[in-house]
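Chemist: no FASTA, just this:
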């Protein structure tokens, strides 16, 4: 249970601070994603949330805070099926708590709420650049693949485990730099599902893309890792 509670806390931190920064930047500078003025602080918020969580809860649960990451650990034999279910459920609870608190805070500001909802992902008119559904699928698969493959490699050896939190956080910020104007960047099913549930409407109707694509990207990363990189890592 300690591992599951830790995952819930870590995912809460990621969603509240990451999505919260997206909401604030959108309200402050205007437009979906806050325009380009908001890209860097949003990317840093998600990345730094991972860094903080990695060193806070990493020794307890490994700090997955993402069902796609947990799936890749399952597929590479680092996580049991039972723990995968517990991790995913805990991550969803944490994400819902983060979005619920964020909605409670911004509900009193019509300006912020109207600007970008709760930091949900989207395509078409919900995309900063009007990206199509197909484009959103491809982008999220690619971004998740890069993110998860980095995690699998940097956490595989004791030689790099002490810097894993920083590397993973920087990589998450890195993929957000291109992803924010396109889809808002998901790479994490529960990070997308939680704000979509509270936002409803179009966000909820589009969220399947941001659940399917990260899982697909994680599966590809796990396959590439096992087929090409695991022997080198060992």
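Modeler: Arrived safely. Since we're looking at a predicted model, the values are computed, not measured.
Chemist: okay, CA-based contacts and neighbour counts for the rest of this
Modeler: Noted.
Chemist: Can you give me the distance of the residue most central in space within the chain to residue 120?
Modeler: By CA atoms, centre = their mean, the chain has its centre lying nearest to residue 188, at 3.7 Å. Relative to residue 120, residue 188 is positioned 12 Å away (CA to CA, to the nearest Å).
Chemist: Over to residue 132: give its phi and psi.
Modeler: phi -70, psi 170 (degrees, to the nearest 10).
Chemist: So it sits against residue 123, correct?
Modeler: Yes: if you go by CA atoms under 8 Å, residue 132 and residue 123 touch, sitting 5.8 Å apart.
Chemist: For this structure, give me the ranges with low pLDDT.
Modeler: Regions of the chain meeting the criterion pLDDT under 70 cover residues 27-37, 110-116, 229-234.
Chemist: Which helix in it has the most residues?
Modeler: Counting by DSSP state H, the longest helix found in the chain is helix 2-29.
Chemist: Could you check that one and say which residues are buried?
Modeler: 3-27 (16 or more other CA atoms under 10 Å).
Chemist: Which neighbouring elements make contact with it?
Modeler: Counting contacts by 3 or more CA pairs under 8 Å, 6 or more residues apart in numbering; DSSP states H and E, helix 2-29 packs against helix 39-61, helix 81-106, helix 110-116, helix 189-199.
Chemist: quick one, which of the ones you listed is packed in tightest?
Modeler: helix 189-199 (a mean of 25; mean count of other CA atoms under 10 Å).
Chemist: hmm, who's touching that one?
Modeler: Helix 189-199 is contacted by residues 11, 14-15, 66-68, 91-92, 95-96, 99-100, 103, 117-121, 186, 203-204, 207, 210-212, 214-215 when judged by CA atoms under 8 Å, 6 or more residues apart in numbering.
Chemist: Measure how far that helix is from the centre of its chain, please.
Modeler: Centre-to-centre, helix 189-199 and its host chain are 11 Å apart (CA atoms, centre = their mean, to the nearest Å).
Chemist: Show me what secondary structure element comes after it.
Modeler: helix 201-206 (DSSP states H and E).
Chemist: in stretch 125-141, what counts as buried?
Modeler: 126-128, 130-133, 136-141.
Chemist: Mind checking which of those residues land in helices?
Modeler: Using DSSP H, the subset of those located in helices is 133, 136-141.
Chemist: any chance of these in a markdown table, plus distance to residue 49?
Modeler: Output for these, formatted as a markdown table (distance: CA to CA, whole Å):
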| residue | distance to residue 49 |
| --- | --- |
| 133 | 28 |
| 136 | 24 |
| 137 | 25 |
| 138 | 25 |
| 139 | 22 |
| 140 | 20 |
| 141 | 22 |
